[in-house]
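J.: prediction below, plus the sequence it came from.
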Amino acid sequence: MSQDSDDSRNNPRQSPPLRRDNPDSPGFGPDYAVPSLIFDEYGELKPAALKAFKPAQPLPVNQGPARFVPAAPVQPPGRQPPGYPTNVDQGQRPYTAPIPAAQPTPAALSPGKVGKLGGFRKGLWLVLGAVVAGMLIGLVLFLVLNKTGAPAPPTNTTPISLGSLFPFKDLTPGATPAVTATTGPTGKEPAGDLDTLYNQPTAQLKNNQFKEAAATLEQLPDKQNQAGNLKHPDVPALLFRAYLSLGDQLNQSPQFADFQESIANYQKAIDTAKTLDVKDRNQQEEAALQARLDTGNLYIKAVTAYNQKDLDGAIKIFSQLYARDQNFRDAAGLYYDSLIRTGDGQFAENLLPEAYQSYGRAVQLKNVSDTRYAQARLASIENQLRQDGKPVPTVPAP
């Protein structure tokens with residue numbers, strides 16, 4: 001039978017070792033026992049094992065804690081590999097913390113370097129101090145000298161003119177040197193500018209840019225008179241041609257405002273023609289232009305009265321215009337509408353003879369697309385007058 005380990009410790013040292021009959025330990029048997037490398041037959045540490053254990057060295061100064069290295073896991077009880085003690089308490093080695101590697105420490109400055117650095121700083125401060133002191137001394141001397149040695153102001157405080165300081169320069173604001181190389185006879189207007197103003201409208205007239213040409217030519221007469229340079233005497237004739245062409249161009253527009261502007265250019269052309277020499281004037285052309293101008297002015301007056309609902313005034317002017325030109329723009333249509341409106345008002349007031357004359361004049365108008373309304377009204381009034389035994393009035397010419 002197996003004995004307890006405590007019984008083996010109570011036996012005297014001279015007693016022989018007991019037989020280990022533990023079936024879990026290697027070498028089981030009465031005549032075989034595994035010798036231990038650390039413990040003797042009494043379960044105590046051998047002197048050689050005691051020397052192997054060394055106390056842990058202390059941590060160096062200013063070093064962190066040692067990294068913990070976990071111990072090997074404890075084998076559960078049971079069959080152990082060969083070479084391990086059967087008792088766990090006998091085979092547990094004490095924990096020894098690993099010694100961390102020493103960190104390098106910064107090298108301290110040598111006494112010689114410290115002395116050189118301190119001397120350099122002292123020299124720098126001395127230089128800066130000398131510069132600041134020199135600046136302060138110079139400022140004090142400057143203030144003292146200006147206060148005591150400045151000359152007294154003169155009693156005569158008359159301001160000095162700029163002309164005395166700069167006698168060879170013209171200091172007038174905006175003054176520009178006169179150009180004498182390219183000016184005309186009087187030196188007021190450069191001849192090159194006059195040529196440019198003349199050539200530009202000539203090209204514009206060829207390109208049918210009549211408005212731009214007229215605006216440019218309007219500047220030339222005055223500029224030539226101011227310069228005393230009549231290099232281009234045909235400027236008035238070109239201006240007459242520009243006004244006439246611009247009037248014809250605007251006269252084709254259906255807009256009433258464009259027609260008004262065309263009549264204004266015809267008037268400018270007539271006024272310009274009166275300034276031309278006799279040899280440059282065309283009496284027949286001027287007479288035709290004056291007729292167009294008069295007809296256009298009648299149309300403008302009639303349309304203005306029609307727009308202002310002055311039907312009596314519009315009818316009188318349209319009658320004159322119709323006598324001059326039955327096909328002038330839309331004058332016939334506006335004349336017809338004016339007569340119809342007037343007849344409707346007279347018919348509403350039971351003025352049948354007057355209404356009959358108004359409708360009768362409207363029926364006689366030419367170049368009117370539809371006169372059936374006026375014809376129906378005219379026939380109705382005529383029948384009513386005949387039934388009433390009244391005479392039918394004569395219709396005047398439109």
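T.: Thanks, I have the structure now.

J.: buried sites along stretch 369-382?
T.: Residues of stretch 369-382 classed as buried by neighbour count (16 or more other C-beta atoms under 10 Å): T371, A374, R377, L378, I381, E382. Just so you know, the C-beta spots here come from the backbone N, C-alpha and C atoms, and that holds for glycine as well.

J.: turn these into TSV, including secondary structure and distance to A305.
T.: Putting the buried residues of stretch 369-382 into TSV (DSSP: H, G, I helix; E, B strand; the rest coil; distance: C-beta to C-beta, whole Å) gives the following:
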residue	secondary structure	distance to A305
T371	coil	22
A374	helix	21
R377	helix	23
L378	helix	25
I381	helix	26
E382	helix	30
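
J.: and these, which is closest to L238?
T.: Checking those against L238 by C-beta to C-beta gives T371 as the nearest, at 48.1 Å.

J.: thought that closest one was touching G360?
T.: No. Taking contacts as C-beta atoms under 8 Å, T371 lies outside contact range of G360: 10.8 Å.

J.: if we can go back for a sec, closest to S262 among the buried residues of stretch 369-382?
T.: Nearest member of the buried residues of stretch 369-382 to S262, counting by C-beta to C-beta, is T371, at 30.4 Å.

J.: so for that closest one, what's the pLDDT?
T.: What the model reports for T371 is a pLDDT of 93.

J.: what sits against it?
T.: Neighbouring residues of T371 by C-beta atoms under 8 Å, 6 or more residues apart in numbering: Y336, A362, V363, L365.

J.: can you check I381 too?
T.: I381 neighbours (C-beta under 8 Å, 6+ apart): F347, L352, A355, Y356, Y359.

J.: how about it, nearest residue that isn't a chain neighbour?
T.: Y356 (4.6 Å; C-beta to C-beta, 6 or more residues apart in numbering).

J.: that neighbour and V127, how far apart?
T.: 124 Å (C-beta to C-beta, to the nearest Å).

J.: pick out whichever of these two has more residues nearby.
T.: Set Y356 next to V127 and count neighbours by other C-beta atoms under 10 Å: Y356 wins out with 24 against 9.

J.: how about the more buried one, secondary structure?
T.: At Y356 the chain is in helix, as set by DSSP: H, G, I helix; E, B strand; the rest coil.

J.: one more: S253?
T.: Going by three-state DSSP: S253 is coil.

J.: burial of it, as a residue count?
T.: 12.

J.: so how far is Q284 from the closest residue to it other than its chain neighbours?
T.: Once flanking residues are discounted, S253 sits nearest to F259: 6.7 Å by C-beta to C-beta, 6+ apart. Distance from F259 to Q284, counting by C-beta to C-beta: 24 Å.

J.: of the two, which one has the most company?
T.: The neighbour comparison of F259 against Q284 (other C-beta under 10 Å) goes to F259, with 20 against 7.

J.: okay, now the unreliable bits of the stretch 1-150 of the chain?
T.: 1-39, 41-45, 48-118, 144, 146-150 (pLDDT under 70).
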